[in-house]
Each structure stands twice: as structure tokens, then as C-alpha cells.
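Engineer: Next one to model:
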Amino acid sequence: MSIMYKKVGVNIDAGNELVKRLKKKFPKIGGFGGLFPISGTKYSLVSSTDGVGTKLKLAFLLNKHDTIGIDLVAMNVNDLICVGAKPLFFLDYFACGKLNVSQAEQVIKGIAKGCELSGSQLVGGETAEMPGFYKDGEYDLAGFSVGIIEKDKEIDGKHISPNDVIIGLPSSGPHSNGYSLIRKVFSNSELKKYSKQLLVPTKIYVKEVLAALAKFNSRKQKIVGIAHITGGSFYDKIERILPQKTRVIIEKKSWKVPEIFKLVQEKGNVPEEDIYRTLNMGIGMVLIVRSEIALQVKKFFKGAKVIGYIKEDERGVELI
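Structural biologist: Predicted structure coming up:
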């Protein structure tokens, strides 16, 4: 029997439909970061909010809470840099049924580490105790990040054009997406067996991407699109930044898929399209760049691969 993300209770299409409806009333939403122009200045603030998803269930199972905060920060700041913004500060929301101080301290230490890795400041947060709402020993997390960018340097994908090249940056693992599928495929004993690969924190790309933007976009925008490969993965996240009449071609054989992803696909008999729409398959972020700098950008990032290109066609993403 094939296991699909929708069958385990996560409907990406429903989430996309909600955003589509909301955009009719709030047309500026739906990007990787929310832009707020600061009147009278050359800057815009950029904001993002996200959580860690059911990767938390794995932290509970393994009683390991010192890295999940890094995931929380990463899921937010990696979105900010998709528009080219430098993260400034971060706030967290920690909710539980009964506060375990030692456990919460471990989580917040991870958040502080994530802020350090991203060059942002942890300026505050909220701890909420809600007896009866969460199981004993369990909690939920949400994060909120704000960054800044010069208005004329915003990366919005509008300049993406045919013949641009797609550079894939390696992930550290599944990051913080697809864990409802992973937990359905693996038994608890298997989750423990593969815990090193599954609980590794989401990679924070901020410093290296900002350095690349400073190098390659200083005079003219040549890195023209950035997508964080999270929920919806290659199909939904890359399409989000595409202008009309541009089609992304991703060549699946252009990088080596880590074994943990192959195990999930094989054990769950997950269809090819569904697995590439659920998990990052070893690519945590993509940059769309002008062809003349593609090899330079590839060399700039450790482990980066050229994984595809843009052609003129119906707007969308195609994996071959």
C-alpha cells in the first residue's frame, strides 16, 4: 500500500487554497516574508512566522530538546533571506500543559543558538501554561522573526527569465517538514534507530546567502530568486516565486539523495511526485541565478549543485 502525505492527514492543497482565498482580500500575503516599507527611508522590514511541526513528536519520543529550538529559528530566518533580508530579532511562543522548567530551558537554549547562527537577537517571547490542553511532557512552539532590507534590493522573483540556472544548496536532513509522513512510515523503534538523521537541526543558510548576495548582487541583481524548500517542497515552494511564462525544470539525478529519504520512500511505497512534494530530498534551499554566474555561485556554497534551469513555458515546476 502506498502512503501519501494527504493520507496521513496533511492536505497541502487545502493550505494552498486558503492562501489563494486570503490573497483576494490581502494581496500582499503569500510570499516567504511579509514586506513592510518604512516610510521616508530606503528600507523595508520583513517578517516571518512558523513552527516546527510534528518533528516535536520525535523530540518527545527521544526526550531530546536541546536542538529543536534551532529548527524553530531556522524555519523563520530561512524564509526571510528568500527576499534578501538580514534577520534582526526573534521572538518565541512556548505553550505547554504544565511547565517543565528544565525541558523549557533546553528548548530556549536551542533558540538562542539558532539566533546566534543567524546573526539575530532573541528579544523576548511568551510562555503559556494551559492545563488539560497538552499531554504531560509535551509542548508546542511558534517563532516570529523580523529582518530588514533596502527597498531596491528586494528579491521577489519578478526578474526570473528563461535560461536562468537553479542552484541547490544541501540540506542537513529532512529539516522540519514531512514528519507526519515519516512518523507514519517508521515504527517508534525505527524512529529511534534513525534518530541521528531525523533529529538533526534544520540548516540555517542566512550568513552564507547574505554573503553571496553581497558578492553577486552588489551592482546588478544576478541572484534573481530564492526559495526555501519546506512544506510543498519543490513543486509549491519554487512555483511561489515564478513570474508568468516561466517553467522550472528540476533534474532529479543532478544530486545524490541521502539514504534517509530513500528509506522513507521505499518503506512507505511513497509515489515519486508525492515524496518530492513532501520532503526536501537533500536540497534545503534553491537559488535561481543568471547563467553567466552559475558556476561561480555553485563554487561559493559548499556542496551546492546545479539542479535545473528555467525555460519559457506554462508557469510551474517539472521534475524529470
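Engineer: quick one: stretch 268-282 to chain centroid distance?
Structural biologist: Stretch 268-282 has its C-alpha centroid displaced from the chain centroid by 16 Å (C-alpha atoms, centre = their mean, to the nearest Å).
Engineer: can you give me the helices in the protein?
Structural biologist: Applying DSSP state H to the chain gives helices spanning 12-25, 55-62, 68-80, 101-118, 179-185, 188-193, 195-198, 206-216, 233-239, 259-268, 272-278, 294-300.
Engineer: Check these for me: which has the lowest mean pLDDT.
Structural biologist: Among the helices of the chain, helix 12-25 carries the lowest mean pLDDT, at a mean of 64.
Engineer: closest to residue 152 out of the helices of the chain?
Structural biologist: Nearest of the helices of the chain to residue 152, taken as C-beta to C-beta: helix 206-216 at 12.9 Å. Quick note: C-beta positions are derived from backbone N, CA and C, even for glycine.
Engineer: Against which helices or strands is the closest one packed?
Structural biologist: Packing partners of helix 206-216 (3 or more C-beta pairs under 8 Å, 6 or more residues apart in numbering; DSSP states H and E): helix 68-80, strand 86-96, helix 101-118, strand 223-228, strand 283-289, helix 294-300.
Engineer: List the buried residues in the longest one.
Structural biologist: If I follow you right, that is helix 101-118. Of all the residues in helix 101-118, those buried under the rule 16 or more other C-beta atoms under 10 Å are 103, 106-108, 110-115, 117-118.
Engineer: could the helices and strands packed on helix 206-216 go into JSON lines alongside distance to residue 185?
Structural biologist: Below are the helices and strands packed on helix 206-216 laid out as JSON lines (distance: least, C-beta to C-beta, whole Å):
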{"stretch": "helix 68-80", "distance to residue 185": "20"}
{"stretch": "strand 86-96", "distance to residue 185": "28"}
{"stretch": "helix 101-118", "distance to residue 185": "26"}
{"stretch": "strand 223-228", "distance to residue 185": "24"}
{"stretch": "strand 283-289", "distance to residue 185": "20"}
{"stretch": "helix 294-300", "distance to residue 185": "33"}
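Engineer: okay, those, which one's buried deepest?
Structural biologist: For the helices and strands packed on helix 206-216, the largest average neighbour count (mean count of other C-beta atoms under 10 Å) is found in helix 68-80, namely a mean of 28.
Engineer: Please report how far the most far-flung residue of the chain relative to its centre lies from residue 151.
Structural biologist: The outermost residue of the chain, judged against the average C-alpha position, is residue 40 (32.0 Å), by C-alpha atoms, centre = their mean. From residue 40 across to residue 151, the span is 12 Å (C-beta to C-beta, to the nearest Å).
Engineer: ok, now residue 120?
Structural biologist: Per C-beta to C-beta, residue 120 is found 21 Å from residue 151.
Engineer: Repeat that for residue 31.
Structural biologist: 15 Å.
Engineer: Pull the contacting residues for residue 42.
Structural biologist: Neighbour list for residue 42: 150-152 [criterion: C-beta atoms under 8 Å, 6 or more residues apart in numbering].
Engineer: Ok, which of the helices of the chain comes nearest residue 247?
Structural biologist: Across these, residue 247 has its closest neighbour in helix 233-239 (9.4 Å, C-beta to C-beta).
Engineer: Quick check: chain neighbours aside, which residue is closest to residue 248?
Structural biologist: residue 317 (4.4 Å; C-beta to C-beta, 6 or more residues apart in numbering).
Engineer: okay, now that neighbour: neighbour count?
Structural biologist: Residue 317 is flanked by 21 other residues according to other C-beta atoms under 10 Å.
Engineer: wait, doesn't it sit right on residue 238?
Structural biologist: Yes - Residue 317 is in contact with residue 238 according to C-beta atoms under 8 Å; the separation is 5.1 Å.
Engineer: Report the set of residues contacting both of those two.
Structural biologist: By C-beta under 8 Å, 6+ apart, the residues touching both residue 317 and residue 238 are 248, 250.
Engineer: Let me see the contact set for the residue nearest to residue 248.
Structural biologist: By C-beta under 8 Å, 6+ apart, the contact set of residue 317 is 234-235, 238-239, 242, 247-248, 250.
Engineer: how about 10 Å then?
Structural biologist: 227, 233-240, 242, 247-250, 276-277, 308 (C-beta atoms under 10 Å, 6 or more residues apart in numbering).
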